[in-house]
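A.B. asks: Predicted model and sequence follow; I will ask about them next.
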Amino acid sequence: MTLKTIPLGGKKAVGRAAQVDDADHELVGQYSWHIYEREREGRREGPYAVTSIGRGPSRVLYMHKLLTGWPQTRHVDGNGLNNQRSNLQPIRPAEPGLCACGCGQRLKRDTGRRIPTWAKGHYGKGARSAKWKGDDASYGAIHAYLRKHFPKAGICEECGQAKRTDYALIKGREYSRNREDYRELCERCHIRYDDIGGSRWRGTATASAAGEPICACGCGEPAGWNAHTSRWRRFAQGHHTKEAQRGNS
């Protein structure tokens, strides 16, 4: 096919011209063309043959887009002024893949040119997230995980009553996302369970046969239950002075 040259205006066009096929010469010859070329964020854009068909930046028309109508075009030889049909190829957006969270859901193409990485609402979801901590997550995050993945029955495993319950970590276990490491207890039973050797217990870790903690003064007597504070006492009544006297002696 015969090659035709198209003259370009402007200072940047000195010594340069655009090339088109003979069949496209009549269409392109209806416009006056100049060169678009600039550096942007370390990348060079152009040179391209452009013309203005109105006012505003949206009315700038590229010669290769006039010929093809494609949203994006690649010049095979890297010369943006060579607009022969054999030198033009469309740039097709990459086909979307699967969600990065590993759920297996296929991604849908965005309305713009951006190809999404995550399915809607799946950003940072699962073990593939950079913020994933697993069993090293915080106290609140682990309890939130348990509530979401293991709905509570609402029946206390200790007293058997239908009450508002929460998960209590079994003594000797480490905080984890394993449901087997927790008991579902009501608030009262949870407090009692934690107070005997648990995080709130300040006495010895032993208890009498009746289940009560032993007095911290070392006398061996049960400390007793404080009905006012709803927790086990650290000392039997009147015994807190014995430990103080022992420390001063």
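C.D. replies: Cool, got the structure.
A.B. asks: Which strand in this protein has the most residues?
C.D. replies: When every strand of the chain is counted residue by residue (DSSP state E), the longest turns out to be strand 43-52.
A.B. asks: how distant is the helix ranked longest in the chain from the center of its chain?
C.D. replies: Longest helix in the chain by number of residues (criterion: DSSP state H): helix 139-149. Using C-alpha atoms, centre = their mean, to the nearest Å, the distance from the centre of helix 139-149 to the centre of the chain it belongs to is 17 Å.
A.B. asks: what about the helices in this protein?
C.D. replies: Counting by DSSP H, the helices of the chain are 25-28, 63-68, 139-149, 187-195, 240-248.
A.B. asks: Now that we have these, can you turn them into TSV and tack on mean pLDDT?
C.D. replies: TSV is the format used below for the helices of the chain (pLDDT from 0 to 100):
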stretch	mean pLDDT
helix 25-28	90
helix 63-68	92
helix 139-149	87
helix 187-195	78
helix 240-248	54
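A.B. asks: bridging residues for the closest residue to residue 68 other than its chain neighbours?
C.D. replies: The spatial neighbour of residue 68 that comes closest, neighbours along the chain excluded (C-beta to C-beta, 6 or more residues apart in numbering), is residue 88 at 5.8 Å. Every residue, glycine included, has its C-beta placed from N, CA and C. The residues paired with residue 88 through beta bridges, assigned by DSSP bridges, are residue 75.
A.B. asks: what's the spacing between residue 88 and residue 30?
C.D. replies: Shown here: residue 88 relative to residue 30, a distance of 19 Å by C-beta to C-beta, to the nearest Å.
A.B. asks: just to revisit the earlier point, number of residues surrounding the residue nearest to residue 68?
C.D. replies: Neighbour count for residue 88, taken as other C-beta atoms under 10 Å: 17.
A.B. asks: quick one: contacts for it?
C.D. replies: When contacts are counted by C-beta atoms under 8 Å, 6 or more residues apart in numbering, residue 88 touches 64, 67, 68, 73, 74, 75, 76.
A.B. asks: Show me just the buried residues among the residues you listed.
C.D. replies: Among the contacts of residue 88, those buried by neighbour count (16 or more other C-beta atoms under 10 Å) are 64, 67, 68, 73, 75.
A.B. asks: Could you check how far stretch 46-61 is from the centre of its chain?
C.D. replies: Computed by C-alpha atoms, centre = their mean, the chain-centroid distance of stretch 46-61 equals 40 Å.
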